[in-house]
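Colleague: here is the input, now give the coordinates:
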Amino acid sequence: MKKILVASSVYNEKYYIESEFEKIPINIQEELKTICIKTSNYLHCIFLIGFNEDGSIYFEARAKDEDNLFKENETDEVINIIIEQNKELIESLTLWYKIFILKENIQ
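Modeller: Residues are numbered from 1 along each chain as shown. Below is the predicted model:
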């Protein structure tokens, strides 16, 4: 089951972090907030960052059906840029999730 970590909506101009993940260090929370808000504003959508069951990170852009401003054709490219520019952050979040949520013994 996927778990949403953070989300940002261009429609109601709100940002959300799941309470379960408020233990993530503040500097990482701020990076996630910046990524999420900038992306939702650019793509004109609800932008989600979350964890897959195995602890890997996923990114998702959702839009209202009637939203003609949603840049759906740019979504994959934007997500790939986020991944490329934030490899260390993604690796750190994945490790954090595996240790603190999945309780894996990392050697």
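
Colleague: give me the distance between the closest residue to Val10 other than its chain neighbours and Tyr15.
Modeller: Excluding the flanking residues, the one nearest Val10 by Cβ to Cβ, 6 or more residues apart in numbering is Ser40, at 4.8 Å. Heads up, the C-betas are built off the backbone N, CA and C, glycines and all. The gap separating Ser40 from Tyr15 is 9 Å, by Cβ to Cβ, to the nearest Å.

Colleague: and Leu95, by the same measure?
Modeller: Distance from Leu95 to Tyr15, by Cβ to Cβ: 24 Å.

Colleague: next one: Leu48
Modeller: For Leu48, the distance to Tyr15 - Cβ to Cβ - is 11 Å.

Colleague: now for these two: what residues contact both?
Modeller: Common neighbours of Leu48 and Tyr15, counting by Cβ atoms under 8 Å, 6 or more residues apart in numbering, are 6-7, 36.

Colleague: can you put these in CSV and add distance to Phe70 and pLDDT?
Modeller: Shown next, in CSV, are the shared contacts of Leu48 and Tyr15 (distance: Cβ to Cβ, whole Å; pLDDT from 0 to 100):
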residue, distance to Phe70, pLDDT
Val6, 19, 98
Ala7, 16, 98
Cys36, 16, 98
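
Colleague: tell me which of those is nearest to Ile24?
Modeller: Val6 (9.4 Å; Cβ to Cβ).

Colleague: so what's Glu60 closest to, chain neighbours aside?
Modeller: Closest to Glu60 by Cβ to Cβ, 6+ apart is Leu48, at 4.4 Å.

Colleague: correction: the previous question concerned Leu93.
Modeller: Closest residue to Leu93 apart from its sequence neighbours, by Cβ to Cβ, 6+ apart: Ile57 at 5.9 Å.
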